[in-house]
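Visitor: okay, sequence plus prediction incoming.
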Amino acid sequence: MSWLDDQKVAISYICRRLYERGYLVATSGNVSARSEGHFLITPRATRKDKMVPELIVECDADGRPVGEDLASSPKPSTEIEMHREVYRQRKDVNAAIHAHPPYCTACSLASISLTEMLLPELAIYIGPVPTVPYATPGTNELPQALKPYLSDHNAFLLMRHGVLVLGRDVEDAFNRLEQLEYIAQVAYLVGSMGSVNPLTKAELLKLTSSARRIGLELSKRLLTLIE
Ligand SMILES: [Zn+2]
């Protein structure tokens, strides 16, 4: 199977998992993947539980759809500029998922920060997660708001909107998203019980050296914080 066919199947499968896990509803959210010279993204206004490989939109490196019959083909997601900005800034990232998971979205509204390392999973799989100021969905405001955070973070809470999670491939991005929503749920539960103490710098140093020994790639942002 070619990279394109393989990735169209992978993106469709991830869309259905996003829907099943309740990380988005109806037609919301979008998923993209790229490799040298190729860029795939989910179509505009399409339910993710109904996603099939034939609906995934192939674009050139500038985000323009390619194909024989463009007039009748599905149109790319309205958030395509956000995905393009990710790939412009991050050579190490080949997939991005934007979704509306309820606990992460609620954390953005309640000003619950996920920049502190509450759990080891957050430190080793994702790193600090900034809250990006509100930007009008579907406009260029969103990539502009993300720009200052993109170079050294792997996931973002989008104020009043949802999340953006990056990965080596769509499976990697989905794994991070699943971890992130779990962490947001725990942060919410702990917030309703009392105060939260993040991992100390000494604990983070032990954790990151053990994660390095098994070859995990750590968040650049986290490494600058514990230097
Ligand atoms: Zn959205």
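Guide: Here it is on my side, so go on. Numbering: from 1, shown residues only.

Visitor: helices along the chain, start to end?
Guide: In the chain, the segments counted as helices under DSSP state H are 3-20, 80-89, 102-109, 120-121, 141-150, 170-193, 201-213, 220-226.

Visitor: which parts of the longest one count as buried, going by neighbours?
Guide: Residues of helix 170-193 classed as buried by neighbour count (16 or more other C-beta atoms under 10 Å): 170, 172-174, 176-181, 183-188. Quick note: C-beta positions are derived from backbone N, CA and C, even for glycine.

Visitor: what does the second one give?
Guide: Buried residues in helix 80-89, defined by neighbour count with 16+ other C-beta under 10 Å: 80-87.

Visitor: what is that helix packed up against?
Guide: For helix 80-89, the elements it packs on are strand 30-35, strand 38-41, strand 95-99, helix 141-150, strand 162-167, judged by 3 or more C-beta pairs under 8 Å, 6 or more residues apart in numbering; DSSP states H and E.

Visitor: let's go with 10 Å and repeat that
Guide: strand 30-35, strand 38-41, strand 57-59, strand 95-99, helix 141-150, strand 155-158, strand 162-167 (3 or more C-beta pairs under 10 Å, 6 or more residues apart in numbering; DSSP states H and E).

Visitor: then the longest one?
Guide: Here helix 170-193 touches helix 3-20, strand 30-35, strand 95-99, helix 102-109, helix 120-121, strand 155-158, strand 162-167, going by 3+ C-beta pairs under 10 Å, 6+ apart.

Visitor: got a markdown table for the ones you listed, with mean pLDDT, distance to residue 199 and mean neighbour count too?
Guide: Below are the helices and strands packed on helix 170-193 laid out as a markdown table (pLDDT from 0 to 100; distance: least, C-beta to C-beta, whole Å; neighbours: other C-beta atoms under 10 Å):
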| stretch | mean pLDDT | distance to residue 199 | mean neighbour count |
| --- | --- | --- | --- |
| helix 3-20 | 96 | 29 | 18 |
| strand 30-35 | 96 | 31 | 24 |
| strand 95-99 | 98 | 26 | 28 |
| helix 102-109 | 96 | 18 | 20 |
| helix 120-121 | 94 | 7 | 16 |
| strand 155-158 | 98 | 17 | 26 |
| strand 162-167 | 98 | 21 | 25 |
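
Visitor: which one of the ones you listed lies closest to residue 135?
Guide: Evaluated over the helices and strands packed on helix 170-193, closeness to residue 135 peaks at strand 155-158, with 7.5 Å, by C-beta to C-beta.

Visitor: pull up the pairing partners for the closest one, direction included.
Guide: Paired neighbours of strand 155-158 in the sheet (DSSP bridges): strand 131-132 (parallel), strand 162-167 (antiparallel).

Visitor: so how far is residue 138 from the nearest residue to residue 4 once chain neighbours are set aside?
Guide: Nearest-residue entry for residue 4: residue 38, 6.1 Å, with adjacent residues in sequence omitted and distances by C-beta to C-beta, 6 or more residues apart in numbering. In this view, residue 38 and residue 138 are 24 Å apart by C-beta to C-beta, to the nearest Å.

Visitor: residue 6 now?
Guide: Here residue 6 is placed at a distance of 29 Å from residue 138 (C-beta to C-beta).

Visitor: end to end on stretch 196-205, go ahead and measure it.
Guide: 20 Å (C-alpha to C-alpha, to the nearest Å).

Visitor: give the contact list for the most centrally placed residue in the chain.
Guide: Closest residue to the average C-alpha location of the chain: residue 165 at 1.3 Å, with C-alpha atoms, centre = their mean. Taking C-beta atoms under 10 Å, 6 or more residues apart in numbering as the criterion, residue 165 is in contact with 23, 95-99, 101, 104, 126, 129, 154-156, 172-181.
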